[in-house]
Structure formats: structure tokens, C-alpha cells
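S.K.: pasting the sequence and the predicted coordinates here, then a few questions.
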Amino acid sequence: MTPDLARVPGVLGRIVRQRMRDLESEGVFSPWPYAFPEVPSFEDALARPGLVVIAEIKRKSPSAGALAPLDAAKTAAAYAQAGAGAISVLTEPRYFGGRAGDLVAARSAGLPLLRKDFVVHPSQIWQARALGASAVLLIVRVLSELTAAYLEEAQKAGLAALVEVHDERELALAIEAGATIIGINNRDLATLKVHLDLAPRLARRARALGFSGLLVAESGYRHPEDLAAVAPLVDAVLVGTSLVRGDDPGATLRRLLSPVR
């Protein structure tokens, strides 16, 4: 049950094909025979009143290059103190400078953790659960018609799934697959271009199609006014680069949140 990665376009395609090669070399496709830790609910965190921020831990990205030499535990604690509702942890090593141990370290903050990896094989879902994640990222552009099957696998593992879309076709596929949390990525992962008008447009479209689950706007949020524009339409925003570029990610998050709290 693996997606056809040859058809994934642009930068995203390059990343996921490399991710599969790395996983093959690491030998992580066998079952994870570990006890799964108790984890807080990702859904409950996102369903809180007001706009919830999923604050991200990442050291670099394909679009911005090197960002910051973050300590995962300290950064997670700073986010929790600043009012984040959940934390996204990049564990992909080549393009984002992450590692699985970052997820384990971030658990000390006590918030639900989204393992931000490029899921190309079901074993990654079970690994995420064993490491202490509350949720995984499922990208429709990667999984396509397998999205529903991967959602079912996440449910078996006791994980929530942030099902990511970038256009109307992917949105319809996510809803049809049974997604209850949909992330709308303003960044086109094929070209890395960002359009902040995308999330409001697709959020309205999702509600028009009868989607009653949780909506998350992702990518490109740098200023309080950016959040104010999307806050009436979504339940949460995922913010990464703008937080980690400064010397104090927690203080940056507080400044970002102050006008919308």
C-alpha cells in the first residue's frame, strides 16, 4: 500500500521520492513492537474556542534554507508557555534538518504533537505513534486515491490525521476519504510559491460542500493581520518559519497571537 511517487510533481516529488529511498535504507518498514505512550488529543486542542496556533519546530526548509539550530525540548516549552495549542515537529532530516528524537524531546512540553513527515509508507504512521505523536500529516497530492486507506491506518494506530490539500480537487478527495481535520496549505509544494488567499477560499468551499470538521490554514503567516484575515474561517493556523527565524520563538508567538486573543 504505497503511493505512486513518480507522479508527484516538482519539489514535493523530489522530497517524497528521496524520503522513500531513505526509509528503505533505514529499514523502518517492519512493525514497531513498542508500547505506545498516552498522548493528548490533537482534535480537542484544535477544537478549543478561538484561533488555535500549531507552532512548528524546524531547522531549515527547501524554500528558506537554514533557519535556526533549535533545541526541540526548549522550543516546545517556549511555545507551550506562549499559548500554542499544539506543536508540529519536522522529523525529515535532509530538507528540514529534523530527526525522530525531536518528537520525543518535544513531548516534555505536554502539548499534542503533529509529526510533520512526508508519509509515503504505512510504517511511518506506527512509528509516529510509538514516538509519542498525537497526529500525522497526510498529503493528498502524495497519497491521492490512497488517502482513505492511510486515514484508516492512522485511526488503527490511534492517531489523528491532518489531511493536507492545495486545490479544489484535493479538497473534494479529502472530504470523500473521510477526513475530519483538513489542512489548507497556502504553499504550493511543487513550486514553493505562497498565496495567502488560498486558505480563505478553500475554507469557504469546504463549508459549502458540507464539511463540518476542523480546518487548519498553513504556511505564510508572519503578521497578526495575516491571522486576523483567516481567523473567522478556520479553527487553527500552522505557523513555522516566521517563529523560528527570530532569537526567541516564544516571544514571537506571543506577539503574533496578542491581537487575536
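M.R.: Sure, I can see it.
S.K.: give the buried residues for stretch 173-189.
M.R.: Neighbour counts over stretch 173-189 (16 or more other C-beta atoms under 10 Å) mark 173-175, 177, 179-189 as buried. From N, CA and C alone the C-beta is placed, and that goes for glycine too.
S.K.: should've said stretch 241-248
M.R.: Quick answer for stretch 241-248 (16+ other C-beta under 10 Å): T241, S242, L243, V244.
S.K.: my guess is the last one meets S61, correct?
M.R.: To tie it back to what came earlier, the one meant is V244. No. Using C-beta atoms under 8 Å, V244 is not in contact with S61, being 9.5 Å away.
S.K.: overlap in contacts of the two?
M.R.: Common contacts of V244 and S61, defined by C-beta atoms under 8 Å, 6 or more residues apart in numbering, comprise L67.
S.K.: low-confidence ranges in this protein?
M.R.: Low-confidence segments of the chain, defined by pLDDT under 70: 28-35, 259-261.
S.K.: now the strands: where do they sit in it?
M.R.: Along the chain, the segments classed as strands by DSSP state E run 52-57, 60-61, 65-66, 86-90, 113-116, 135-139, 160-165, 181-185, 214-218, 236-239.
S.K.: and stretch 38-45, end to end?
M.R.: 15 Å (C-alpha to C-alpha, to the nearest Å).
S.K.: just to revisit the earlier point, make a markdown table out of the strands of the chain and add distance to A229.
M.R.: Conversion of the strands of the chain to a markdown table gives the following (distance: least, C-beta to C-beta, whole Å):
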| stretch | distance to A229 |
| --- | --- |
| strand 52-57 | 15 |
| strand 60-61 | 23 |
| strand 65-66 | 27 |
| strand 86-90 | 21 |
| strand 113-116 | 23 |
| strand 135-139 | 24 |
| strand 160-165 | 19 |
| strand 181-185 | 13 |
| strand 214-218 | 10 |
| strand 236-239 | 11 |
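S.K.: tell me which of those sits nearest to L5.
M.R.: Distance to L5, taken as C-beta to C-beta, is lowest for strand 135-139 among these, at 11.3 Å.
S.K.: and the closest one, which strands flank it?
M.R.: Using DSSP bridges, strand 135-139 pairs in its sheet with strand 113-116 (parallel), strand 160-165 (parallel).
S.K.: alpha carbons of the shortest one, as CSV, please.
M.R.: It refers to strand 113-116. Output in CSV follows, covering the C-alpha atoms of strand 113-116 (Å, rounded to 0.1, in the frame of the first residue of the first chain):
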residue,chain,number,x,y,z
LEU,A,113,2.4,16.8,18.7
LEU,A,114,1.9,16.6,14.9
ARG,A,115,4.7,14.5,13.4
LYS,A,116,5.4,16.6,10.3
